[in-house]
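Chemist: got a predicted structure plus its sequence, pasted below:
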2 protein chains.
Amino acid sequence: MLTDIVLDGMGSDRAPEPEIRGAVQAARQFPVRIHLVGPRERLQPALSQYLAQSPGGDRLPIHVVHASEWIGMDEKAAQAVRSKKDSSMRVGLKLVRDGQARGFVTAGNTGAAMATAKMVLGTLEGVDRPSLATVLPNGRGTPCVLLDVGANVDSDPHNLVQSALMGQIYARNVLGVAKPRVGLLSIGEEDSKGNALSRETLPLLRALHGEHLYHFLGNVEGRDLFNGHCDVAVCDGFVGNVALKTIEGLGRMVSDSLKDTLKSTITSQVGALLSRRAFRNFKKKLDPSEFGGAPLLGVRGACIIGHGSSNDCAILNAIRVASEFAEADVNRHIESAMRRVAASTSLEAAPVS
Amino acid sequence: MLTDIVLDGMGSDRAPEPEIRGAVQAARQFPVRIHLVGPRERLQPALSQYLAQSPGGDRLPIHVVHASEWIGMDEKAAQAVRSKKDSSMRVGLKLVRDGQARGFVTAGNTGAAMATAKMVLGTLEGVDRPSLATVLPNGRGTPCVLLDVGANVDSDPHNLVQSALMGQIYARNVLGVAKPRVGLLSIGEEDSKGNALSRETLPLLRALHGEHLYHFLGNVEGRDLFNGHCDVAVCDGFVGNVALKTIEGLGRMVSDSLKDTLKSTITSQVGALLSRRAFRNFKKKLDPSEFGGAPLLGVRGACIIGHGSSNDCAILNAIRVASEFAEADVNRHIESAMRRVAASTSLEAAPVS
């Protein structure tokens, strides 16, 4: 049985090449059928040419679904979503909504992808607002799920509680962490540390420890995103997005500086040459694209949003994750967790049967 | 003329050794007189021994000021500040308040240092709340001042405006940036991007562009902290503290992973050996302690808070910065900026003469 995954053919900065190459690799490696969405006149020739060069390519389960428009990286999300009725994102997400596919992958405009997914798919039963998660590698094989990284920029405590539950389910069912340790991202470990939002959220999360959260750590700090101390870190979407972009910026700066440094003298160039394989491993260990992009948790379907700079390997991993997300029934787990929490706490009225 | 600087002798994790060594180096290199504060029975023998080994050490302008207590790194700030009336921080800051010194340096408990400084020194005329700044190196020689990184965890728009003005003055008068470019840290460049606080703050900052802020960039993102795009980035203390600790955590993780990587095979060890000098330059270029710790802006005196892990070089730089801060009359510039803004905007009632 193949899992049907929709891939936005026009998402990444260099689309559609990384998408086509990533789709072909994914179709070879995983039990997936890929629906590549975008302008047929552009995607079909590129796909056919690539498949023709690829041994056995004509038998791979990849086909093009036409969409006449696409949303650019620099377009304003709200406006683009409203005006482009036939965008590759909207057409693709409709396939998921209509049950023709179980997951959607895009490396396009994050704001537009979130808005379109919320509009087309709708939110899961019991979820107030979807939450965007990212998986941060720390070089030790135990990545940390950080959420929300931008879906709700003015979250309330209840949104953070739902993020914690959804993050736990993602860590457990997609990343394979049996009992995820969940922390509330704050500015000190003591309960008294934090801002108004985090201090209000802390007791709500503490109350879920044991029954609904396997292991709630209390407050955690920025350093805990990278030291293996926590598996899931929860924060408001503004804080998470600033943290994520700071991480990306620092990562790029360090990587560029290291390159410059190693080119600075002949001796260090020779040194760099000898360490080449080690550097490659180092880069791979810390490469976020190994974890397949950012899942939008809480919508009706698996929706994975990759970075605009995604290469074929990042696309491959995003397709893998979308398929694992669908196969692991993440959304059924989320709805069931929301029901259980609603029934046992006063956060919401218990559903009347 | 020597500038009198107070140094908390019991601040850093390995106090008082880094403090004593840093003080001796500073007293040799800069026109400063250093008041080393802490328990005399502990500091005096250590200082005398170090000076005795040091050529001409007995003539250096460093002396011990007694304080019977000190605040540990793990103590709760509020409680420690209340209960320890004779802490090295409080005794030291009183010297600044009483005009016996112009600057204070500590590598101790940040929360306790901020609370004690606010209590003992008080805030400058026109400043509502002090703001903690940090200087982020980016390897290009144009560091970025990020503030607030933890003084006000629930800032209002007015606090952010004051932070922007103080950050500009610090960048100009201490870091030597003639016309600092100031940005509001947000989650997208467009004016519509942000949370309730940042969207409310943006027009207030825009209104200061030209007359009170040399160059207001509008919204900036996390990546702009490292790409040389802005000289000053302003945010709420919760967001700034999370960002700072995330940066520190990522920095440590990358540095540890790189070390492990380069030890992983003999070939890469040889490579690392050949690149040793380059790596040292790389580390130095990105070392935040080169910029001398975090200034607490808006209090009556120069107050520089270093990292607990400060070594003698970090202490040396913090002393240099405290002295430059005092000599550049940063606080007079801050008071004058606050007066000018108050007179020209409706943020506050103009002072009646």
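Modeler: Arrived safely. Numbering: from 1, shown residues only, chains lettered A, B, ... in the order given.
Chemist: which residues does the residue nearest the centre of chain A form beta bridges with?
Modeler: In chain A, the residue lying closest to the centroid (CA atoms, centre = their mean) is A:A294, at 1.1 Å. Using DSSP bridges, the bridge partners assigned to A:A294 are A:I305.
Chemist: correct me, but it touches A:L146?
Modeler: No - judged on CB atoms under 8 Å, A:A294 makes no contact with A:L146 at a distance of 9.5 Å. Quick note: C-beta positions are derived from backbone N, CA and C, even for glycine.
Chemist: need the residues touching each of the two.
Modeler: A:A133, A:T134, A:V135 (CB atoms under 8 Å, 6 or more residues apart in numbering or on different chains).
Chemist: which bits of the stretch 101-250 of chain A sit near chain B?
Modeler: Applying CB under 8 Å from any CB of the partner chain, we find that the stretch 101-250 of chain A lies next to chain B at A:111, A:138-139, A:150, A:153-154, A:185-188, A:190, A:192, A:194-196, A:198, A:221-227, A:235-239, A:241-250.
Chemist: go again with 6 Å.
Modeler: Within the stretch 101-250 of chain A, the positions adjacent to chain B are A:138-139, A:153-154, A:187, A:195-196, A:221-223, A:225-226, A:238-239, A:241-243, A:245-250 by CB under 6 Å from any CB of the partner chain.
Chemist: going through these, which ones are buried?
Modeler: A:138-139, A:153, A:187, A:195, A:221-223, A:225-226, A:238-239, A:241-243, A:245-250 (16 or more other CB atoms under 10 Å in any protein chain shown).
Chemist: now, which of those lie within helices?
Modeler: Members of those lying in helices (criterion: DSSP state H): A:F238, A:V239, A:N241, A:V242, A:A243, A:K245, A:T246, A:I247, A:E248, A:G249, A:L250.
Chemist: any chance of CSV for the residues you listed, columns pLDDT and distance to A:S310?
Modeler: Compiled in CSV, those are given as follows (pLDDT from 0 to 100; distance: CB to CB, whole Å):
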residue, pLDDT, distance to A:S310
A:F238, 97, 24
A:V239, 97, 25
A:N241, 95, 18
A:V242, 96, 22
A:A243, 95, 21
A:K245, 93, 17
A:T246, 93, 20
A:I247, 91, 17
A:E248, 89, 13
A:G249, 89, 18
A:L250, 88, 20
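Chemist: contacting residues around the residue lying closest to A:T142 once chain neighbours are set aside?
Modeler: Leaving aside its sequence neighbours, A:T142 sits nearest to A:G228 (CB to CB, 6 or more residues apart in numbering or on different chains; 5.1 Å). Shown in contact with A:G228 (CB atoms under 6 Å, 6 or more residues apart in numbering or on different chains): A:N138, A:R140, A:T142.
Chemist: over to A:G228: give its phi and psi.
Modeler: Main-chain dihedrals, A:G228, degrees, to the nearest 10: phi 80, psi 0.
Chemist: show me where the stretch 151-300 of chain A has its helices.
Modeler: In the stretch 151-300 of chain A, the helices defined using DSSP state H, counting those that start in this stretch lie at A:157-173, A:196-208, A:237-262, A:266-274, A:276-285.
Chemist: looking at those, spot the one closest to A:E327.
Modeler: A:E327 lies closest to helix A:157-173 among the helices of the stretch 151-300 of chain A, at 9.4 Å (CB to CB).
Chemist: roughly how far out does the closest one sit from the chain middle?
Modeler: Distance of helix A:157-173 from the chain centroid (CA atoms, centre = their mean, to the nearest Å) equals 14 Å.
Chemist: check which helices and strands it sits against.
Modeler: The helices and strands touching helix A:157-173, judged by 3 or more CB pairs under 6 Å, 6 or more residues apart in numbering or on different chains; DSSP states H and E, are strand A:144-147, helix A:196-208, strand A:232-234, helix A:330-344.
Chemist: need these in TSV (columns: mean pLDDT).
Modeler: Formatted as TSV, those follow (pLDDT from 0 to 100):
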stretch	mean pLDDT
strand A:144-147	96
helix A:196-208	96
strand A:232-234	98
helix A:330-344	95
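Chemist: can you tell me which of these is packed in deepest?
Modeler: Of all the helices and strands packed on helix A:157-173, strand A:232-234 carries the top mean neighbour count, a mean of 32, counting by mean count of other CB atoms under 10 Å in any protein chain shown.
Chemist: and that one, what does it pack against?
Modeler: When contacts are defined as 3+ CB pairs under 6 Å, 6+ apart, strand A:232-234 sits against strand A:144-147, helix A:157-173, strand A:181-185.
Chemist: want to throw those into JSON lines with distance to B:T3?
Modeler: Formatted as JSON lines, these follow (distance: least, CB to CB, whole Å):
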{"stretch": "strand A:144-147", "distance to B:T3": "44"}
{"stretch": "helix A:157-173", "distance to B:T3": "47"}
{"stretch": "strand A:181-185", "distance to B:T3": "40"}
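Chemist: so which of these is the most surrounded?
Modeler: Neighbour counts (mean count of other CB under 10 Å) averaged over each of those peak at strand A:144-147, with a mean of 28.
Chemist: the residue nearest to the centre of chain A and A:T134 touch, don't they?
Modeler: Yes - taking CB atoms under 6 Å as the definition, A:A294 is a contact partner of A:T134 at 4.7 Å.
Chemist: what about the residue nearest to A:P157 when sequence neighbours are not counted, distance to B:I169?
Modeler: Using CB to CB, 6+ apart and skipping residues adjacent in sequence, the residue nearest A:P157 is A:T201, 4.1 Å away. In this view, A:T201 and B:I169 are 36 Å apart by CB to CB, to the nearest Å.
Chemist: what of A:N109?
Modeler: According to CB to CB, A:N109 stands 38 Å off from B:I169.
Chemist: and the one helix or strand in chain A whose mean pLDDT sits lowest, which residues are buried?
Modeler: Among the helical and strand segments of chain A, the one scoring lowest on mean pLDDT, DSSP states H and E is helix A:276-285, with a mean of 74. Residues of helix A:276-285 classed as buried: A:A278, A:F279, A:N281, A:F282, A:K285 (neighbour count, 16+ other CB under 10 Å).
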